[in-house]
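**Student:** Let me see the structure of the following:
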Amino acid sequence: MLVLGQPRSKLIRKLTALGPYLRESQCLEQQFFFDCLAVCANPRLPTEKREFWGWWLELQADADRQALTYQYRFGFYDKNGDWLEKPLPDKTIADEVHNTLRVFYPRLRQLLHSLEIELQPAPGVCGIDLNTAA
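**Tutor:** You can find the predicted model right below:
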């Protein structure tokens, strides 16, 4: 299976090398799912019951645009392993969560550039400006 001219297995391998962000079990043929559990909401609980504030990002192959388009959301990762889109509760948590996405995005963009794959926001994406990320 090819994704924008790249073997999917090679792309998965490269995306996995970015760190603990890719959730391969949640990826589809032409879509890739990343997330980051940035701030633990309840660190005193046993590991399996902990919940987190963070982000998730989906990449979708867009053959018409010859690019991978992205959309991302911020929210709460609950003890059931589900993401809930929720406002981040305060500035400290928001800053930490936003920073982890700003650190990840340039690495993703650089990797895709090395594979000659363009990265573009999906139509309607708004939020923090990732193109000015470090």
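**Student:** what about the helices in the chain?
**Tutor:** Using DSSP state H, the helices assigned to the chain run over residues 8-16, 91-114.
**Student:** Return the set of buried residues in the longest one.
**Tutor:** So the one you mean is helix 91-114. Neighbour-count burial for helix 91-114 flags Ile93, Ala94, Val97, His98, Thr100, Leu101, Phe104, Tyr105, Leu108, Arg109, Leu111, Leu112 (criterion: 16 or more other Cβ atoms under 10 Å). From N, CA and C alone the C-beta is placed, and that goes for glycine too.
**Student:** returning to that earlier point: could the helices of the chain be laid out in JSON lines, adding distance to Gly124 and mean pLDDT?
**Tutor:** Shown next, in JSON lines, are the helices of the chain (distance: least, Cβ to Cβ, whole Å; pLDDT from 0 to 100):
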{"stretch": "helix 8-16", "distance to Gly124": "24", "mean pLDDT": "93"}
{"stretch": "helix 91-114", "distance to Gly124": "18", "mean pLDDT": "96"}
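**Student:** that older thread, now the buried residues of helix 91-114 as TSV including distance to Tyr21?
**Tutor:** Shown next, in TSV, are the buried residues of helix 91-114 (distance: Cβ to Cβ, whole Å):
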residue	distance to Tyr21
Ile93	19
Ala94	19
Val97	13
His98	15
Thr100	9
Leu101	10
Phe104	6
Tyr105	11
Leu108	8
Arg109	13
Leu111	11
Leu112	14
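**Student:** Of those residues, just say which sits nearest to Thr16.
**Tutor:** Nearest to Thr16 among the buried residues of helix 91-114: Leu111, at 10.8 Å, using Cβ to Cβ.
**Student:** Identify the spatial nearest neighbour of the closest one, chain neighbours not counted.
**Tutor:** In space, and not counting its chain neighbours, Leu111 is closest to Lys14: 5.9 Å by Cβ to Cβ, 6 or more residues apart in numbering.
**Student:** Leu101 too?
**Tutor:** Spatial nearest neighbour of Leu101, chain neighbours left out: Trp55 (5.0 Å); criterion: Cβ to Cβ, 6+ apart.
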